[in-house]
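Undergrad: just the structure for this:
(2 chains)
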Amino acid sequence: MSRFTDSAGFDIGAREADFWFGTANTAVLMTSSLTMAIGERATREGLVRLARAMVMVTLALGATFLAVKKGFEYRSDIEKHLIPGPAFPYAVRSAVQFWAFYWTATVVHAIHLTVGLGIVSRLLFISKEDLPERWTTAIGTALYWHLVDIVWVILYPLLYLVGRP
Amino acid sequence: MKPETRRRVIIAPLATWAALMALLAVTAFYAYLPSVPIKPEVSLAIGIAKALLIALFFMQLRKNASLIRLASMAGLIWASFLFMLTFADILTR
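TA: Numbers count the residues shown, from 1 in each chain, chains lettered A, B, ... in the order given. Have a look, this model is predicted:
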């Protein structure tokens, strides 16, 4: 909406979002959806070793996403004072609005992803013998993980592709 | 692993993933092309295409149990209510 009313100002803010962190993280998260999908299907087929390995890779990729997001990207954003407030570098209202949207959307997404890590790791606590009959748990887990991915895939163009040259 | 199982468990998800990566490359490239039209629309359309790929193939909503499809539709409809109420407020001010 803010972009609709003042797209130039919005673009000034959006240009500061780090394209490479965002794009790399999109690739990481989509790959984690791949491993989750294989893990879920392997559980259904009774391929327990493959399923467990894929769940572990999914967890590692999820953790990588959070490390890039929080460790590197947020740090760089904070160093550039890209938090709406007195030190914010642009005195343009819609640029401030972009960053308010950025922080709200990405932090809420990161919280959901962290919850997802807990839900996915629960699959590892199911014993190897029980796992094949618990395939509905794997389905539910995979659906949640994919949903978190879908939300990111929509956020990516809104946050990282706006106002590029 | 039987070839049929391998196709279902590994190859099919891999194909979806390859399509997702290709779309990511296209959208990132398009965003940096100088003076091309309707950039926001294209990037959002590609984003929606990626979301559909994930929903239809990774989540298997295309042929999953009716209950799962119903629950996912409920989420979508609920989200649309929220967007509708927000836009109804802002657009009519």
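Undergrad: check which element follows the lengthiest helix in chain A along the chain.
TA: Once chain A is assigned using DSSP state H, the helix that runs over the most residues is helix A:93-122. For helix A:93-122, the following helix or strand on the C-terminal side (DSSP states H and E) is helix A:135-160.
Undergrad: for the record, mean pLDDT for that next one?
TA: The average pLDDT within helix A:135-160 is 94.
Undergrad: ok, stretch B:34-51 next?
TA: 91.
Undergrad: returning to that earlier point: anything in the longest helix of chain A near chain B?
TA: No. Helix A:93-122 is not in contact with chain B by CB under 8 Å from any CB of the partner chain; minimum separation 12.5 Å. Using the backbone N, CA and C atoms, a C-beta is placed for each residue, glycine as well.
Undergrad: any regions of chain B where pLDDT drops low?
TA: Across chain B, nothing is flagged by pLDDT under 70.
Undergrad: what parts of it come near chain A?
TA: So chain B meets chain A at B:1, B:5, B:8-10, B:13-14, B:16-17, B:20-21, B:24, B:27-28, B:31-32, B:34, B:39-40, B:43-44, B:46-48, B:50-51, B:54-55, B:57-59, B:68, B:72, B:75, B:87, B:90 (CB under 8 Å from any CB).
Undergrad: what subset of the residues you listed is buried?
TA: B:9-10, B:13, B:16-17, B:20-21, B:24, B:27-28, B:31, B:39, B:43-44, B:46-47, B:50-51, B:54-55, B:57-59, B:68, B:72 (16 or more other CB atoms under 10 Å in any protein chain shown).
Undergrad: now, which of the residues of chain B next to chain A lie within helices?
TA: B:5, B:13-14, B:16-17, B:20-21, B:24, B:27-28, B:31-32, B:39-40, B:43-44, B:46-48, B:50-51, B:68, B:72, B:75, B:87, B:90.
Undergrad: and the residue of chain B nearest chain A?
TA: Taking CB to the nearest CB, chain A has its nearest neighbour within chain B at residue B:43, 3.6 Å off.
Undergrad: what's that residue in contact with, if anything?
TA: Shown here is residue B:43, whose contacts under the criterion CB atoms under 8 Å, 6 or more residues apart in numbering or on different chains are A:157, A:161, B:27, B:30-31.
Undergrad: out of these, flag the one nearest to residue A:77.
TA: residue A:161 (17.0 Å; CB to CB).
Undergrad: my guess is the closest one contacts residue B:29, does it?
TA: No. Between residue A:161 and residue B:29 there is no contact under CB atoms under 8 Å: 10.5 Å.
Undergrad: between these two, which has more neighbouring residues?
TA: Neighbour tally, residue A:161 and residue B:29, criterion other CB atoms under 10 Å in any protein chain shown: the higher count belongs to residue A:161, 25 against 9.
Undergrad: spit out the contact partners of that one.
TA: A:19, B:27-28, B:31, B:39-40, B:43.
Undergrad: how about the residues of chain A by chain B?
TA: Counting by CB under 8 Å from any CB, chain A sits next to chain B at A:1, A:3, A:19, A:23, A:26-27, A:30-31, A:33-34, A:36-38, A:41-42, A:45, A:47, A:50, A:139, A:142-143, A:146-147, A:149-150, A:153-154, A:156-158, A:161-162, A:164-165.
Undergrad: switch the cut-off to 7 Å
TA: Applying CB under 7 Å from any CB of the partner chain, one finds that chain A approaches chain B through A:1, A:23, A:26-27, A:30-31, A:33-34, A:37-38, A:41-42, A:45, A:47, A:143, A:146, A:149-150, A:153-154, A:156-157, A:161-162, A:164-165.
Undergrad: please consider this matter closed, and thank you.
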